[in-house]
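1. take this sequence and fold it.
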Amino acid sequence: QVQLVESGGGLVQPGGSLRLSCTASRRLFSIASMSWYRQVPGKQREFVAIMDVLGPTNYSDAVKGRFTISGENFDKFQPTVVLHMNNLRPEDTAVYHCNLEGWITEVSGRQNYWGNGTLVTVSA
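-> Purely as a prediction, here's the structure:
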């Protein structure tokens, strides 16, 4: 199994910045992607940004130009994905969840893993 641990959430004023980090508990045989989603209570989880190993990074229209996703150690122990969030707005308030898609072993099949989330609150 793979555990994803997010960190970096907190309270920030509008216009401020935060850095979220997500680290996997183990090395995987192969990673397809690591991404960020967010969820507001009572609403569906929505896509924020993705780092796809075989393609370019991609962002939702709501965060494009303000958020940047980066990753490291995808082929090593404790692969990590980071979300740099700038010019934060009150509507960015949500629980941010990390997602990983990949293969634990060569024969395990592609699996999908989620972290428990970290709360980001943007308020004056």
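2. helix/strand/coil for the most centrally placed residue in the chain?
-> Geometric centre of the chain, nearest residue: Trp36, 2.8 Å, by Cα atoms, centre = their mean. The three-state assignment at Trp36 reads strand, by DSSP: H, G, I helix; E, B strand; the rest coil.
3. separation between it and Leu4?
-> Distance of Trp36 to Leu4, computed by Cβ to Cβ, to the nearest Å: 11 Å. (C-beta placed from N, C-alpha, C; glycine too.)
4. need the overlap of contacts for these two.
-> Residues touching both Trp36 and Leu4 by Cβ atoms under 8 Å, 6 or more residues apart in numbering: Cys22, Cys98, Asn99.
5. restricted to strands, list those residues.
-> By the criterion of DSSP state E, membership of these in strands covers Cys22, Cys98, Asn99.
6. give me the buried subset of the residues you listed.
-> Neighbour counting by 16 or more other Cβ atoms under 10 Å classes Cys22, Cys98, Asn99 among these as buried.
7. could you find the closest non-adjacent residue to the last one?
-> Across the structure, with Cβ to Cβ, 6 or more residues apart in numbering as the measure, the residue nearest Asn99 apart from its sequence neighbours is Ser35 (4.7 Å).
8. who's the one you found bridged to?
-> Here Ser35 sits in beta bridges with Ile50, Asn99, going by DSSP bridges.
9. please identify which of the buried ones among the ones in strands among the shared contacts of Trp36 and Leu4 is nearest to Lys76.
-> Proximity of these to Lys76 (Cβ to Cβ) peaks at Cys22, which lies at 15.1 Å.
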